[in-house]
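# Below: sequence and its predicted model.
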Amino acid sequence: MSTRHIAIAIGVAVVMAVLAVVLGRYGAYLVNAVAIAAIGALSLNLLIGYCGQISFAQGALLGVGAYTAGNLGNAGLDGAVAILGAGVLGALVSALIGLPAMRLRGLYFAIATLAAQAILEYLFKILDPLTNGVSGLVIKPPSIFGIPMTSDESLVLPSLVLLVIAWLVVSRLLRTDLGRAFLVVRESEIVAKGMGIDVGHTKLWAFLIGGFIAGMAGALIGFANRLASPEAFTLDLSADYIAMIIIGGLGTWPGPIIGAAFVVLLPEVIQRVGEAAGISDILSALRELAFGLLIILFLIFEPRGLTALLSRIKLRRIGVVPPAGLRATGEGSQSPEGRSR
């Protein structure tokens, strides 16, 4: 883990904390939403961007974290313990979802994760003692290390701390043998096997670590919303997180943060513009259309996301013309020319 990465992560967290203070309660709400979404996007980027395992079950994994933390918190456990417990159960459920990856690849495995999403959504509705069914589980305001978390402002610090820790842990992980194995599996499972990498175990590690991070993100969602309901963790939420990592930049270090900020703040901008123009109802109805069009446009014109776009803009500003096919600098990202050498 480089000093530069640590400085960037802490700098981003400080800027977000300052915005939360300056903008008041509304700013704290936005900072929490972006930080929590970024943590969830980090976990999905680890799976899809770095290990190449397409998953449509992210929304359900976040739900597992929210319900777990809610039940543990309601039982009187400290919020920090509840968040860790949510991470552990999220990791176990994610590993179960990843078991088909031992035999399935590509589209077939993606369909298996889609089935897992549907199964978990159904379980959220029928496990009344744990989830309160379709009514949803009301979550008491938690206390983290004895400090009550009763408002958006009080949740800013734990959200940002977890974001920085998760961001730096993923950065460090990708510099280990396991992280490099993720990248080889992403590029070619045949090559990975030829190099002596246990592909099945490598995939399961990706699901375990990604699920742990997703579970903690789900816990924060539950604490922030004070409610965990089946309608909050549907396939639509999974699609939002896929949009985050595509728009931000698959397999890049800053991509999940940039994508999360873009996807979370876009509806707020649309709402404010609509209110100013008197057409808020029309613009709100076009939100899903806007997301769909953005993903298509990014896949066509900038498949490496906003991270690559910002990198090229930076190079042009200092008078350097980036070569065609330049990938944004990030963990595990390199140019096509670099991969061929």
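All right, it came through fine. Numbering: from 1, shown residues only.
# can you give me the strands in the stretch 101-250 of the chain?
Using DSSP state E, counting those that start in this stretch, the strands assigned to the stretch 101-250 of the chain run over residues 137-138, 143-144, 147-148, 227-228.
# What lies in contact with the second one?
What that stands for is strand 143-144. By CB atoms under 8 Å, 6 or more residues apart in numbering, the residues outside strand 143-144 that reach it are 78-80, 83, 149, 158. Any C-beta I mention is one placed from the backbone N, CA and C, and that applies to glycine too.
# just the buried members of the residues you listed?
Among the contacts of strand 143-144, those scoring as buried are 78-79, 83, 149, 158 (criterion: 16 or more other CB atoms under 10 Å).
# Can you report how many residues lie near E231?
Other residues near E231 number 12, with proximity taken as other CB atoms under 10 Å.
# hang on, the earlier thing: in CSV: the strands of the stretch 101-250 of the chain, plus mean neighbour count, distance to T113 and mean pLDDT.
What follows is the strands of the stretch 101-250 of the chain, written out as CSV (neighbours: other CB atoms under 10 Å; distance: least, CB to CB, whole Å; pLDDT from 0 to 100):
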stretch, mean neighbour count, distance to T113, mean pLDDT
strand 137-138, 16, 24, 95
strand 143-144, 19, 32, 90
strand 147-148, 12, 37, 89
strand 227-228, 22, 21, 94
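# if we can go back for a sec, out of the contacts of strand 143-144, which one has the weakest pLDDT?
The member of the contacts of strand 143-144 with the lowest model confidence is M149, at 87 (criterion: pLDDT).
# list the contacts for it?
If you count contacts by CB under 8 Å, 6+ apart, M149 has them with 79, 141-143, 155, 158, 223.
# The stretch 51-200 of the chain: helices as residue ranges?
Assigned by DSSP state H, counting those that start in this stretch, the stretch 51-200 of the chain shows helices spanning 58-74, 79-98, 106-126, 128-131, 152-173, 177-187, 189-194, 199-225.
# what comes up buried for stretch 147-164?
Judged by neighbour count using 16+ other CB under 10 Å, the buried positions of stretch 147-164 are 149, 152-156, 158-160, 162-164.
# Can I get it in PDB? Just the C-alpha atoms.
Taking Å, rounded to 0.1, in the frame of the first residue of the first chain, the C-alpha atoms of stretch 147-164 are listed here in PDB:
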ATOM      1  CA  ILE A 147     -21.800   6.700  21.200                       C
ATOM      2  CA  PRO A 148     -25.400   6.900  20.100                       C
ATOM      3  CA  MET A 149     -25.900   7.100  16.300                       C
ATOM      4  CA  THR A 150     -29.300   8.800  16.300                       C
ATOM      5  CA  SER A 151     -28.900  11.100  13.200                       C
ATOM      6  CA  ASP A 152     -27.200  11.300   9.800                       C
ATOM      7  CA  GLU A 153     -24.600  13.600  11.300                       C
ATOM      8  CA  SER A 154     -23.500  11.000  13.900                       C
ATOM      9  CA  LEU A 155     -23.200   8.300  11.200                       C
ATOM     10  CA  VAL A 156     -20.800  10.300   9.000                       C
ATOM     11  CA  LEU A 157     -17.700   9.300  11.000                       C
ATOM     12  CA  PRO A 158     -18.200   5.500  11.100                       C
ATOM     13  CA  SER A 159     -19.300   5.500   7.400                       C
ATOM     14  CA  LEU A 160     -16.100   7.400   6.300                       C
ATOM     15  CA  VAL A 161     -13.900   5.400   8.600                       C
ATOM     16  CA  LEU A 162     -15.200   2.100   7.100                       C
ATOM     17  CA  LEU A 163     -14.900   3.500   3.600                       C
ATOM     18  CA  VAL A 164     -11.200   4.400   4.100                       C
END
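# got any ranges where the stretch 1-150 of the chain has weak pLDDT?
1 (pLDDT under 70).
# Tell me the one of the contacts of strand 143-144 nearest Y26?
Nearest to Y26 among these is M149, at 17.9 Å by CB to CB.
# Tell me the backbone dihedrals of the closest one, please.
Reported as degrees, to the nearest 10, the phi and psi values for M149 are phi -110, psi 80.
# repeat for G136
Dihedral angles phi and psi of G136 (degrees, to the nearest 10) take the values phi 90, psi 150.
# Run through the residues that contact it.
Taking CB under 8 Å, 6+ apart, we find G136 in contact with 227-232.
# Between which two of the residues you listed is the distance greatest?
Maximum pairwise distance in the contacts of G136, criterion CB to CB, is 11.1 Å, between L227 and P230.
# My read is that P256 contacts L47, right?
No: taking contacts as CB atoms under 8 Å, P256 lies outside contact range of L47: 11.5 Å.
# between the two, who's got more neighbours?
A direct count of neighbours by other CB under 10 Å for P256 and L47 places P256 higher, at 32 against 29.
# Quick check: the gap between that one and V138.
Between P256 and V138 the computed distance is 30 Å (CB to CB, to the nearest Å).
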